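> 3D, please:
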Amino acid sequence: MRKTNSNAIRQDALFSAPIIAGNAPENGATTERLPRLDLAQELRAKILSFCRLKRGEVWQDPVRGHRVGVLDATQRAEVEKIMQGAPARLVLNDPPYNVPVGNANTANLSKIDLATYLEFSRRWVENAREALDEDAHFYVWLGADVSDNFQPLPDFMIMMREYPELRPRNLITMRNQRGYGTQKNWMWVRQELLYYVKGNPQFNVEAEYTDIPKILRGYYKKVNGRLTENLERSKSENIRAGNVWVDIQQVFYRMEENVSGCYAQKPLKAIERILQASTNTHELVGDFFAHSGTTLIAGERLGRCVYTFDLDPIFAEITIRRLEHYRATGKTGWQWENPFPEIEK
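Residues are numbered from 1 along each chain as shown. This next block holds a predicted model:
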């Protein structure tokens with residue numbers, strides 16, 4: 001197994017590049033109450049004064065024991081600070097993809113050289129590996145930059161061979177409803193989810209069934225001398241998601257779960273599917289890149305304990321506020337409303 005340099009670049013140094021001119025939202029261009037937060041520097045400065053956590057601090061939920069921190073996923077001591085030796089049955093991470101979003105190279109979404117990105121990835125993967133239980137699940141959302149030879153997806157997959165205790169189990173694709181492309185190419189609508197396991201964890205296959213009913217008959221087979229077709233032999237009237245998920249709505253501003261200002265929010269339904277398939281009630285889930293706090297909300301709704309953190313104190317605060325908002329209102333997000341109403345006063 002490859003050992004990383006203990007003096008390797010930190011996450012805070014890696015993603016601290018100054019903003020380069022990008023396509024920041026203009027007035028009236030969106031109905032959301034907050035623009036993309038990694039682009040709006042003046043707004044960020046104002047919001048920071050309302051964040052209860054500073055770098056290195058951890059918030060403990062007094063109700064269910066969830067934890068939220070402002071920590072660096074590449075620093076072993078900081079990860080240990082929030083995990084405190086508790087083994088996670090599942091670690092589910094959505095790290096930066098090394099792909100600029102919206103033509104903007106920002107502090108949160110920097111495009112860096114591939115070798116540096118892989119060194120960053122090794123650091124947080126090793127910390128995640130140490131946080132896993134003996135039998136555990138490990139998921140990573142990742143992207144591919146078609147303009148740069150599809151990096152970093154294939155490079156990350158090859159890098160993962162350095163950790164033989166993390167065995168690949170699947171490559172899942174989630175289909176977006178919106179995408180990007182030209183009239184001379186297929187529209188890009190996919191998101192990739194890598195699935196690995198450590199040891200021999202339980203997989204709850206019931207979680208894989210969708211809400212889509214089976215409509216095609218066929219695949220006849222003799223069972224105990226009687227010819228049967230596939231619907232008779234099925235365990236459910238609905239189809240299984242498989243490793244191509246087409247039944248999940250991409251988050252946008254009219255959905256209740258939407259969090260204004262969050263540029264990389266994953267659908268709650270996708271995260272809940274992963275938690276239901278890979279954990280049982282009261283088991284621990286880790287998420288090292290909290291962003292909009294979706295993993296925490298999924299854990300709260302499903303009775304799992306979640307330890308999550310983000311390097312950005314604004315997203316850590318959003319994560320805590322989203323949990324408090326859910327408990328107070330039953331709503332999973334703010335739709336197009338502002339999670340920081342204080343700044344509008």
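> what sits against Trp59?
Trp59 sits next to 52-53, 67-69, 316, 320 when contact means CB atoms under 8 Å, 6 or more residues apart in numbering. Just so you know, the C-beta spots here come from the backbone N, C-alpha and C atoms, and that holds for glycine as well.
> Quick check: the farthest pair among those?
Farthest pair in these (CB to CB) is Arg52 and Arg67. Separation: 13.6 Å.
> Buried ones among the contacts of Trp59?
By neighbour count, with 16 or more other CB atoms under 10 Å, the contacts of Trp59 hold 53, 67-69, 316, 320 as buried.
> Output the below-cut-off pLDDT ranges for this structure.
Applying pLDDT under 70 to the chain flags the ranges 1-9, 12-30, 101-110, 181, 214-220, 223, 228-236.
> What sits closest to Ser260 if chain neighbours are left out?
In space, and not counting its chain neighbours, Ser260 is closest to Leu34: 3.8 Å by CB to CB, 6 or more residues apart in numbering.
> Check the secondary structure at that neighbour for me.
At Leu34, secondary structure determined by DSSP: H, G, I helix; E, B strand; the rest coil is coil.
> That one contacts Tyr263, correct?
No - counting by CB atoms under 8 Å, Leu34 stays clear of Tyr263, with 10.6 Å between them.
> These two: who's more crowded?
Neighbours were counted for Leu34 and for Tyr263 using other CB atoms under 10 Å; Leu34 has more, 22 against 17.
> how far away is the more buried one from Ala73?
25 Å (CB to CB, to the nearest Å).
> what's the neighbour count on Lys198?
For Lys198, the neighbour count with other CB under 10 Å is 18.
> of the contacts of Trp59, closest to Tyr180?
Closest to Tyr180 out of these is Ala316 (29.5 Å), distances taken as CB to CB.
> Ramachandran angles for the closest one?
Phi and psi for Ala316, reported as degrees, to the nearest 10, are phi -60, psi -40.
> Could you tell me which strand of this protein is the longest one?
strand 166-180 (DSSP state E).
> Pull up the pairing partners for it, direction included.
Strand 166-180 pairs in its sheet with strand 188-198 (antiparallel), strand 244-245 (parallel), by DSSP bridges.
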